[in-house]
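Asker: my questions concern the predicted model and sequence given below.
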Amino acid sequence: MDLNQLVTFINLHGSTVGMATKGLSSALTLYGARTLTLSQAAAQAGLSEAEFIEQLERRGIEVTESERAAALDAESTVRAD
């Protein structure tokens, strides 16, 4: 990919990346304030619950044990199917 192609790609897709980052950021904030459940916040961020838990842990945001257990149980059920 040459420089012109890269600039075109960024111009076309850069806003999508920015929107995804804003979605994750607001989901993290709202979950941290317990305004959203884990499931709701993960959906807002566009992530699975397990992926969202990883993001929370990276940022030191506490995940309730009941929500962690439910998320991991749901993920293992999906994998079994």
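Answerer: That came in fine, so what should we check first? Numbering: from 1, shown residues only.

Asker: any stretches of this structure with poor pLDDT?
Answerer: For the chain, the stretches flagged by pLDDT under 70 are 1-21, 78-81.

Asker: tell me where it has helices.
Answerer: Counting by DSSP state H, the segments of the chain that form helices are 3-32, 38-45, 49-58, 65-80.

Asker: right, and residue 42 touches residue 56 too?
Answerer: No - using Cβ atoms under 8 Å, residue 42 is not in contact with residue 56, being 9.6 Å away. For the C-beta atoms, the positions are set from N, CA and C on the backbone; glycine is no exception.

Asker: so how far is residue 68 from residue 75?
Answerer: Between residue 75 and residue 68 the distance is 11 Å, computed by Cβ to Cβ, to the nearest Å.

Asker: equivalent analysis for residue 58, please.
Answerer: Residue 58 sits 15 Å away from residue 68, going by Cβ to Cβ.

Asker: same check, this time on residue 26
Answerer: In this view, residue 26 and residue 68 are 21 Å apart by Cβ to Cβ.

Asker: and stretch 67-81, C-alpha only, in CSV?
Answerer: Extracted as CSV, the C-alpha positions of stretch 67-81 are listed here (Å, rounded to 0.1, in the frame of the first residue of the first chain):
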residue,chain,number,x,y,z
GLU,A,67,-21.5,-10.8,36.1
ARG,A,68,-18.1,-12.4,35.5
ALA,A,69,-19.5,-15.8,36.2
ALA,A,70,-22.6,-15.2,34.0
ALA,A,71,-20.4,-14.0,31.1
LEU,A,72,-18.0,-16.9,31.3
ASP,A,73,-20.9,-19.4,31.6
ALA,A,74,-22.6,-17.9,28.6
GLU,A,75,-19.4,-18.0,26.6
SER,A,76,-18.7,-21.7,27.5
THR,A,77,-22.3,-22.5,26.5
VAL,A,78,-21.8,-20.9,23.1
ARG,A,79,-18.5,-22.8,22.6
ALA,A,80,-20.2,-26.1,23.4
ASP,A,81,-22.8,-25.5,20.7
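
Asker: about what we covered before: who's more crowded, residue 42 and residue 56?
Answerer: Neighbours per residue (other Cβ atoms under 10 Å) separate residue 42 from residue 56, with residue 42 holding more: 24 against 21.
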